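Q: Sharing a model prediction with you, sequence too.
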Amino acid sequence: MTTPIRFELIKTCRQTGARLGILHTPHGSFETPMFMPVGTLATVKTLSPEELKEMGAGVILSNTYHLWLRPGHDIVEEAGGLHAFMNWDRGILTDSGGFQVFSLSEFRRIEEEGVYFRNHLNGDKLFLSPEKAVEIQNALGADIIMAFDECPPYPATYEYMKQSIERTSRWAERCLKAHRRPNEQGLFGIVQGGEYEELRRQSARDLVSLDFPGYAVGGLSVGEPKEVMNRVLEFTTPLLPADKPRYLMGVGSPDSLIDGAIRGIDMFDCVLPTRIGRNGTVMTSEGRVVIKNAQYARDFSPLDPNCDCYTCRNYTRAYIRHLIKCDETFGIRLTSYHNVYFLIKLMEQVRQAIREDRLADFREEFFECYGFNKP
Ligand SMILES: O=c1[nH]cnc2cc3nc(NCc4cccs4)[nH]c3cc12
């Protein structure tokens, strides 16, 4: 079987556990650690594929649950798949829908066969199973697809979490059996187990024995303190094969990206840059800037003095504040463009620091400049 996804380990940073790698996919090869912009409904909100390419985006995300509901995976399949439908010829990863069921639908019943819940748009009764989630993702045609898992709420009891990860492992095996296009789409397993080391070990052992082409660390970035996330990563990533990509789902903020890379994560995704961009909050090398604040009304400097993106080269804080205050669409395009660019460039700096075996020093400098607390 030809594996559609291959991870090439280039080197490990001597100062930390961080890895420099290349993720090879049917739509190109991309350096890791990487940040993947999220395009839930087959668009990274307000940005064009050309803009995403010029800023260096390689793999972008779309959501199985949302696309199943609208426009329907059958329409995307008829279009020739997501790449054709959204005119994106680089990498695409789709989440399996399980997380959206838990985060969007207040009513739901989890059974062995799958999850019963309601359509968050019109209240219709819906059912999603490992087989259905894989069928939808096979139709959407992403290069990387995710196993159907349960991401339990944080915190969860040990007993609940143990039952949950055992079912998630059984679901993972059912996903492998249901996968119709293993030579074109790499199916990643998702390790669960919350903050319990024994359960993370059991979940990782189950999934590694099924030999997935890549592994995600799930169940994090769900409201737990950063120290909990970092501790869980410290004992989870070493359980995963060094020659396979490791994907931390739903992360995240600049400090979490750096701390995740230090703990051996290769791939990250988060809605943060476009989500906060839409309410006028931008990430800069000196910390967050809430552009609506009156202090920027006459500030004719760029959003970030150390940024060379299209937004920072051509527009001022005063102008962008004006657009956001007037609810002008161009305003959120400029903030979204800068925020995505910021995280993509941050990962370039992280990769360069790994090449120079100085990621711990880079963390120190970045945290100092950005205003994060040290520990
Ligand atoms: O275990 C998971 N399984 C499958 N998808 C996920 C997506 C995830 N996204 C976040 N956090 C980012 C968020 C986005 C919206 C609310 S929280 N955590 C996540 C965990 C999982």
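A: Yep, that arrived. Since the model is a prediction, treat every value here as computed from it, not as a measurement.
Q: quick one, what contacts Lys226?
A: Contacts for Lys226 (Cβ atoms under 8 Å, 6 or more residues apart in numbering) come out as 255-256, 259. All C-beta atoms are positioned from the backbone trio N, CA, C, and that covers glycine.
Q: What of Gly56?
A: Here Gly56 is in contact with 344-345, 348 (criterion: Cβ under 8 Å, 6+ apart).
Q: Over to Leu121?
A: When contacts are counted by Cβ under 8 Å, 6+ apart, Leu121 is found next to 69-70.
Q: is it true that it lies in a helix?
A: No - counting by DSSP: H, G, I helix; E, B strand; the rest coil, one finds Leu121 to be coil, located in no helix.
Q: Ile190 contacts Trp171, correct?
A: No - applying Cβ atoms under 8 Å, one finds Ile190 not in contact with Trp171, separated by 9.5 Å.
Q: Pick out whichever of those two has more residues nearby.
A: Comparing Ile190 with Trp171 by neighbour count (other Cβ atoms under 10 Å), the higher total belongs to Ile190, at 28 against 25.
Q: what number of residues lie near the nearest residue to Glu131 once chain neighbours are set aside?
A: For Glu131, ignoring the flanking residues on the chain, the nearest one in space by Cβ to Cβ, 6 or more residues apart in numbering is Ala178 at 4.3 Å. By the measure other Cβ under 10 Å, the count of residues near Ala178 is 18.
Q: returning to that earlier point: hey, what's in contact with both of Ile190 and Trp171?
A: The overlap between the contact sets of Ile190 and Trp171 (Cβ under 8 Å, 6+ apart) consists of 147, 149.
Q: Model confidence score at whatever residue of the stretch 251-375 of the chain ends up closest to the ligand, please.
A: Evaluated by Cβ to the nearest ligand atom, the stretch 251-375 of the chain has Val271 as its residue closest to the ligand, separated by 5.4 Å. Val271 carries a pLDDT value of 98.
Q: How about Gly193?
A: pLDDT for Gly193: 98.
Q: how much space between it and Asp149?
A: When distances are taken as Cβ to Cβ, to the nearest Å, Gly193 and Asp149 turn out to be 11 Å apart.
Q: got it, and Gln163?
A: 13 Å.
Q: Those two: which is more packed in?
A: Set Gln163 next to Asp149 and count neighbours by other Cβ under 10 Å: Asp149 wins out with 32 against 15.
Q: wait, what's in contact with the more buried one?
A: With contacts defined as Cβ under 8 Å, 6+ apart, the neighbours of Asp149 are 96, 98-99, 168, 171-172, 190, 192, 218.
Q: Leu82 reaches Gly39, doesn't it?
A: No - distance between Leu82 and Gly39: 9.3 Å, which falls outside the contact criterion (Cβ under 8 Å).
Q: any residues in contact with both of those two?
A: When contacts are counted by Cβ under 8 Å, 6+ apart, Leu82 and Gly39 are jointly contacted by Ser62.
Q: phi, psi of the residue of the stretch 201-350 of the chain found nearest the ligand?
A: Relative to the ligand, the nearest point of the stretch 201-350 of the chain is Gly250 (2.1 Å; Cβ to the nearest ligand atom). Here is the backbone geometry of Gly250 (degrees, to the nearest 10): phi 80, psi 20.
Q: so who does the spatially closest residue to it that is not a sequence neighbour touch?
A: Closest residue in space to Gly250, ignoring its immediate chain neighbours: Ser221 at 3.8 Å, by Cβ to Cβ, 6+ apart. For Ser221, the contacting residues are 229, 248-252, 256, 270, by Cβ under 8 Å, 6+ apart.
Q: Since that was my last question, I'll sign off now.
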